[in-house]
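Visitor: need a structure here:
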Amino acid sequence: MKRLFPLLALVAVLALAAPAMAAEAAPAWQFDMAHCQIIFQVKHVFAPVMGRFKKFGGKVRYSPDNLAGSKVELTIDTASLDTDIAPRDNHLKGPEFFDVKRYPHIRFVSTGFQARDKDHFAVKGRLTVKDVTRPVTLVFEYLGSKPNPMKKGSLVAGFRSQFSIERLDYHVGTGKYYNMGVVGNTVVMFIHLELVRPQ
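Guide: This next block holds a predicted model:
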């Protein structure tokens with residue numbers, strides 16, 4: 001019995017220490033907004049049409065050596081949608097599609113990182129568009145990091161991702177234009193990021 005108490009005490013200490021070790025955060029990075037893009041592409045009858053979201057931000061913690069402590073929170077301003085044609089943009093921002101007055105943001109919150117190879121990793125998370133939240137996995141390519149040639153004392157890192165979602169799964173549209181053969185359901189997303197942090 002005397003030997004049992006030290007053993008139980010050791011187990012309790014390890015149990016308390018484990019969450020702290022698991023919670024060790026990777027370094028925080030900031031968006032270099034002049035060199036970041038979120039672009040979307042959707043088919044109109046035959047031709048692919050592209051647009052972008054001009055305003056977005058969030059929090060990124062990342063290290064290729066600490067994926068357990070890496071996290072991403074991305075928030076997109078839906079009213080910043082831009083396809084270069086104002087009437088089309090107004091239609092997309094209206095109640096029939098993004099309904100930006102009721103749903104001003106698209107959000108992605110990561111739940112875990114997993115290495116695919118030395119340059120690619122899968123980010124599991126939850127994507128919220130309008131009133132729908134669904135689990136997704138985004139594969140990012142890590143383009144590398146190095147001392148920032150434009151700002152002494154800082155590091156710059158590059159990332160990119162391409163993935164597809166079905167817009168009707170997120171209530172972006174009623175299906176009317178899809179059934180007419182006008183607007184496709186599959187939306188291809190392109191995320192290009194340059195992130196910076198102190199060296």
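Visitor: next secondary structure element downstream of the lowest-mean-pLDDT helix or strand in the chain?
Guide: Of the helices and strands making up the chain, the lowest-confidence element is helix 4-22, at a mean of 44, by mean pLDDT, DSSP states H and E. Using DSSP states H and E, the helix or strand that follows helix 4-22 in sequence is strand 28-31.
Visitor: buried sites along that following strand?
Guide: By 16 or more other C-beta atoms under 10 Å, the buried positions in strand 28-31 come out as 29, 31. Quick note: C-beta positions are derived from backbone N, CA and C, even for glycine.
Visitor: can you name every helix or strand that it contacts?
Guide: Contacts defined by 3 or more C-beta pairs under 8 Å, 6 or more residues apart in numbering; DSSP states H and E place strand 28-31 against strand 56-61, strand 183-198.
Visitor: okay, the angle between the following helix or strand past that strand and strand 56-61?
Guide: Downstream of strand 28-31, the first helix or strand assigned by DSSP H and E is strand 37-44. Here strand 37-44 runs at 120 degrees with respect to strand 56-61, directions being taken by axes from the mean of the first three to the mean of the last three C-alpha atoms, to 10 degrees.
Visitor: elements contacting strand 37-44?
Guide: Against strand 37-44 (3+ C-beta pairs under 8 Å, 6+ apart) you get strand 47-53, strand 183-198.
Visitor: of all those strands, which lies closest to residue 112?
Guide: strand 183-198 (18.0 Å; C-beta to C-beta).
Visitor: now find how far off-centre the closest one is within its chain.
Guide: Put simply, strand 183-198 sits 8 Å off its chain's centre (C-alpha atoms, centre = their mean, to the nearest Å).
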